[in-house]
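**Q** sharing a sequence plus its predicted fold:
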Amino acid sequence: MKCCLSIYLLLFSLFSFSALGEVNKWVDDNNQTHYSDQSAPANVKATPLNIPAASASDIPAQKTIAEREADYRKVQKVKGEAEKKEAKTQEDTRAKQKYCEDARSSLKTLENTTRISTYDSKGERSYLDDAARNQRIEEARKGISTNCN
C-alpha cells in the first residue's frame, strides 16, 4: 500500500512540474509561427513567453442555486413591471383617443345645431343659452388641442 502511495505522489509531482513549464515561440524555415512548451529546434531562436499562471481567484465563482433563483426572480420582476408599464401606456393612449373622439363629436354637435337641450338630475329639460354653448365649444376645442395629435 505504501509502495502505491509513493508511486502516485511521484506521478502527481511530475504532472505539477509540467504545469509550470515555459511556453516558447519560434518561427521555422517556412515562416510558420509555433508555440510550444517544448524547446525549439537547435537551429532556431526561441522567445520565451511570460504567461501568468491562472489562480483560483481568476476563475469566476459558480453561483449557488439560491443566487441563481434570486437573479431569475429579479429578471421576472423587471419584466413584469415593464409589461405593466406598457399596458398602462396603451390604456392611457386608448383613453386619450376616446376622449379626442368624444370632444370632436361634441364640438361638431355644438357647432352644427342651433338649440341644444340638456336634462338635469330631476329629468327636466332645459336649453343652453348662447354663453353656455360658447363655453362648451371652447372646452371641446381645448380638449381637442390637448388630446388629439
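**A** Perfect, thanks for sending it. Residues are numbered from 1 along each chain as shown.
**Q** now for the helix or strand hosting A82, which elements pack on it?
**A** If you go by DSSP states H and E, A82 is part of helix 65-112. Packing contacts for helix 65-112, counted by 3 or more C-beta pairs under 8 Å, 6 or more residues apart in numbering; DSSP states H and E, involve helix 130-147. Every C-beta, even on glycine, is put in place using the N, C-alpha and C of the backbone.
**Q** re the thing from before, pull up the pairing partners for whichever helix or strand comes after the helix holding A82, direction included.
**A** Next helix or strand after helix 65-112 toward the C-terminus (DSSP H and E): strand 117-119. According to DSSP bridges, strand 117-119 forms sheet pairs with strand 125-127 (antiparallel).
**Q** can you list contacts of the partner strand?
**A** R115, I116, S117, T118, Y119, D120 (C-beta atoms under 8 Å, 6 or more residues apart in numbering).
**Q** burial check on R141, number of neighbours?
**A** When counting by other C-beta atoms under 10 Å, one arrives at 15 neighbours for R141.
**Q** that one: what's its closest spatial neighbour, skipping adjacent residues?
**A** The shortest distance from R141 to any non-neighbouring residue, by C-beta to C-beta, 6 or more residues apart in numbering, is to L107 (6.4 Å).
**Q** most neighbours among the contacts of strand 125-127, which one?
**A** Counting by other C-beta under 10 Å, top hit in the contacts of strand 125-127: I116 with 14 neighbours.
**Q** sketch out the low-pLDDT regions of the chain for me.
**A** The model of the chain has pLDDT under 70 over residues 1-21, 52-58.
**Q** walk me through the domains of it.
**A** Recorded structural domains for the chain (assignment: automatic domain parsing) are 21-49, 65-147.
**Q** what are the buried residues along the shortest one?
**A** The neighbour-count criterion (16 or more other C-beta atoms under 10 Å) identifies N24, W26, A40, A46 as the buried residues of domain 21-49.
**Q** restricted to strands, list those.
**A** Among the buried residues of domain 21-49, DSSP state E puts N24, W26 in strands.
**Q** just put the buried residues of domain 21-49 in CSV and tack on distance to I137.
**A** Shown next, in CSV, are these (distance: C-beta to C-beta, whole Å):
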residue, distance to I137
N24, 91
W26, 91
A40, 95
A46, 93
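**Q** one step back: count the residues that sit near the residue nearest to R141.
**A** L107 is flanked by 18 other residues according to other C-beta under 10 Å.
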